[in-house]
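> Need the 3D shape of this:
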Amino acid sequence: MIAKRFRIDWLAPLIYCAFLVAFFVIPLGILAARSLTGADGGYSLANYREYLQSPELFASLRNTFYLGAGTVALTLPLAFLFAYGLERCRMPLRGVFSIVGSVPLLAPSLLPAIALVYLFGHQGLFMSFLGGRTIYGYWGLLLAETIATFPHALVILRTALSAADGRLYEQAHLLGAGRLRTFFALTLPTARHGLVSGAFVIFSLAIADVGAPKVVGGNFDVLALDIYKQVLGQQNFNMGAVVAMLLLVPTLVAVVFERWAARRQAALRASRSTLYVPDNNAARDITVFSACAAIGVAIVGVLLVCQLAAIVKLWPYDLSWTLDHYRFGDFDGGGWDAVTDSILLATATALIGTALVFGGAYASERMRALRFIRALYSIFALAPAAVPGLALGLAYALFFNDPANPLHFIYATVWVLLIANIIHYFTVPHLTSISAIKSLDPEYEAAAAMSGRGIFTVFRAVAVPLSAASLTEIALYLFVNAMTTVSVVVFLYPPDFKLAAVAVLNMDDAGDAAPAAAMGMMIVYVNLFVRMGSALAMRTLRRRGEPAELPLADVAAT
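A predicted model of the protein is given here:
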């Protein structure tokens, strides 16, 4: 029995490590190798020299940094202000603002860019306000990325601001510190890790996005668009691999800096913190409310413009209502099959991905595997956060398209899309699973062993039921991202399996902007419906009043 338990304890984490090696480490290794492969088949740095010596291509590298830095500089203060209003003020309609701030998470990144075209494009409603300038280029791209990345930063900053220690603010008030000094001496330092993490997320998302640059980028080329052009436009996979590897560099630097900030932040946490309750301050609340209202109007306006464009004949000239744009079969996008196929893929990603990620986290945390295997799995599980979707998608295309690969049979099938989505979004569900598992009493496994029950009994009867809320959040996260992503699947989807987010890209590229807006809004509605369903499920779990922990005797009796 002990030998069998030992085999299970080290074999399960090893299997999960092998999975990440096969579907993450090796494909990235193939990508790196192709970037070093010359025309003669040998390895050299000729591709990198060619890329960096080209003025146009080198400009893309510079533009990518400008775009990432500019998006961080604009989005982070706006997201912090919005989060501050939700967590540190007593302004009205906080529930409404919370919903509005998270809405862009439900839409593909192309949708804000399409809305900007309808508002400020050549036939845009407010084109005259630009004074002869155009929305196409850096500034249009900056606005589109700001809207797309805003909710991601908002989630992080709300978490950082909600974890304040109320005792520190009470002491500051007793010592006579003013509001401004308290803000700079307490609020900003305690939220430092959230600010750094938010900047990292904004920067990574902005430089890896391919949808918005295609819609409003104009002549402002970026690395993500270069990869798209090199692979799909010129079929130059080696040069595409070079650009993908260059795209990895700033993301890796941002990850290292974020991890450094996380270690520094740990020393600021108090062991007996109390809940912070905002004080009454009418002037502060009104000012922050006005700012949040302006941001909320901008977010809602973007979606409203896309919805209006989808139901009128010709924006802005003929505003009579029509549903012709929802006849997706008449346009180059895959018809309604693109919507149903995306829902099927997202559902499979949510179900299989949740089970896979949670099982791997449990195996690495609760099974007595060798220490280096657990450490290796942790590294592999965190690494996907540093890999842009386009780089991973291209790595999969190069890896699975090789006939010598034993896994070649899944290329150009729905299975490669499923695995790519799970791997790309692996890190956040893994961290969520780790947090849920660490909150469980480790004596559950000991009690089960004493009663002759195996560790899988504890997993099925204890870990899963007690982590139902976390599992629901993980499934929702995977579903929404699988519905909205373009970058990780644009090189992989088979001809007979269409995807709604890619259809938005293809329809806009073909000049069918209104049908593209209609398809984008369908993605929003599907995600909103699923989000409402998950909220109902979470409320049901809370009403059931299940205990946070099960008695150890119940584990033994299971």
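> My understanding was that R90 contacts N280; is that so?
Yes: taking contacts as CB atoms under 8 Å, R90 lies within contact range of N280: 6.6 Å. For every residue, glycine as well, the C-beta is placed using N, CA and C.
> Between the two, which is the more surrounded one?
Neighbour count, other CB atoms under 10 Å: between R90 and N280, R90 has more, with 16 against 7.
> can I assume the more buried one sits in a strand?
No: counting by DSSP: H, G, I helix; E, B strand; the rest coil, R90 is located in no strand; its state is coil.
> can you tell me which residues contact the closest residue to N219 other than its chain neighbours?
In space, and not counting its chain neighbours, N219 is closest to G137: 6.6 Å by CB to CB, 6 or more residues apart in numbering. The contact partners of G137, taken as CB atoms under 8 Å, 6 or more residues apart in numbering, are 216-220.
> For the stretch 201-350 of the chain, just list every one of the helices.
In the stretch 201-350 of the chain, the helices defined using DSSP state H, counting those that start in this stretch lie at 211-216, 223-228, 237-266, 282-311, 337-366.
> With T190 as the reference, name the closest of these.
Nearest of the helices of the stretch 201-350 of the chain to T190, taken as CB to CB: helix 237-266 at 8.4 Å.
> For the residue nearest to N219, give me the backbone phi and psi.
phi 130, psi -160 (degrees, to the nearest 10).
> How about Q234?
phi -110, psi 0.
> I'd guessed P384 sits against I423; true?
Yes: P384 lies in contact with I423 (CB under 8 Å); the separation is 5.7 Å.
> Between these two, which contacts overlap?
Counting by CB under 8 Å, 6+ apart, the residues touching both P384 and I423 are 24, 392.
> Who has more neighbours out of the two?
Taking other CB under 10 Å, P384 and I423 do not tie; I423 has more neighbours (24 against 20).
> Output the contacts of G137 in TSV; the columns should cover distance to A463.
Output for the contacts of G137, formatted as TSV (distance: CB to CB, whole Å):
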residue	distance to A463
V216	46
G217	46
G218	51
N219	54
F220	49
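> Now stretch 153-164: buried residues?
Neighbour-count burial for stretch 153-164 flags 153-161, 163-164 (criterion: 16 or more other CB atoms under 10 Å).
> do the same with stretch 129-148
So, applying 16+ other CB under 10 Å, buried residues of stretch 129-148: 135-136, 138-148.
> for stretch 74-81, same thing?
Per 16+ other CB under 10 Å, stretch 74-81 contains these buried residues: 74-76, 78-81.
> next one: that stretch to chain centre, how far?
Centre-to-centre, stretch 74-81 and its host chain are 18 Å apart (CA atoms, centre = their mean, to the nearest Å).
> Mind checking the pLDDT average for it?
Throughout stretch 74-81, pLDDT has a mean value of 93.
> ditto for stretch 308-320
Mean predicted confidence for stretch 308-320 is 83.
> now stretch 214-231
86.
> before we move on, back to that, any chance of the buried residues of stretch 129-148 in TSV, with distance to A516, pLDDT and secondary structure too?
Listed next are the buried residues of stretch 129-148 as TSV, based on distance: CB to CB, whole Å; pLDDT from 0 to 100; DSSP: H, G, I helix; E, B strand; the rest coil:
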residue	distance to A516	pLDDT	secondary structure
I135	17	86	coil
Y136	16	89	coil
Y138	23	92	helix
W139	22	91	helix
G140	16	91	helix
L141	17	92	helix
L142	21	94	helix
L143	18	93	helix
A144	14	93	helix
E145	18	93	helix
T146	20	94	helix
I147	16	93	helix
A148	16	91	helix
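> Make CSV out of those residues and add distance to M522.
Shown next, in CSV, are the buried residues of stretch 129-148 (distance: CB to CB, whole Å):
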residue, distance to M522
I135, 25
Y136, 26
Y138, 30
W139, 29
G140, 24
L141, 25
L142, 27
L143, 24
A144, 20
E145, 23
T146, 24
I147, 19
A148, 18
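> now, among those, which is nearest to L247?
For the buried residues of stretch 129-148, the nearest to L247 is E145 (15.1 Å; CB to CB).
> So the closest one is in contact with A69, correct?
No: using CB under 8 Å, E145 is not in contact with A69, being 11.4 Å away.
> hang on, the earlier thing: how close does the residue nearest to N219 sit to F120?
11 Å (CB to CB, to the nearest Å).
> again with T287
28 Å.
> higher neighbour count, those two?
Neighbour count, other CB under 10 Å: between T287 and F120, F120 has more, with 22 against 15.
> dump the residue contacts of the more buried one.
126-127, 129-130, 134-135, 140.
> which regions of this structure sit below the pLDDT cut-off?
1-10, 131-132, 163-187, 254-279, 368-370, 441-458, 460-461, 541-558 (pLDDT under 70).
> what ranges do the strands span in it?
312-314, 318-321 (DSSP state E).
> Out of those, which is the most enclosed?
The highest average neighbour count among these, using mean count of other CB atoms under 10 Å, belongs to strand 312-314 at a mean of 14.
> Neighbouring strands - and their directions - for that one?
Strand 312-314 sits in its sheet next to strand 318-321 (antiparallel), going by DSSP bridges.
> CA atoms only for the partner strand - export them in CSV, please.
In CSV, the C-alpha atoms belonging to strand 318-321 read as follows (Å, rounded to 0.1, in the frame of the first residue of the first chain):
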residue,chain,number,x,y,z
ASP,A,318,-28.8,55.9,-43.2
LEU,A,319,-29.8,55.2,-39.6
SER,A,320,-32.9,53.1,-40.4
TRP,A,321,-33.0,49.8,-38.5
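> Would you mind measuring from N238 to K438?
44 Å.
> Apologies, that question was intended for D496.
D496 is 43 Å from K438, by CB to CB.
> what does L105 give?
26 Å.
> picking that back up, could I get the helices of the stretch 201-350 of the chain as TSV with distance to Q53?
Listed next are these as TSV, based on distance: least, CB to CB, whole Å:
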stretch	distance to Q53
helix 211-216	23
helix 223-228	15
helix 237-266	12
helix 282-311	40
helix 337-366	41
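> So for A404, which of those helices sits nearest?
So among the helices of the stretch 201-350 of the chain, helix 237-266 is nearest, using CB to CB, at 16.0 Å.
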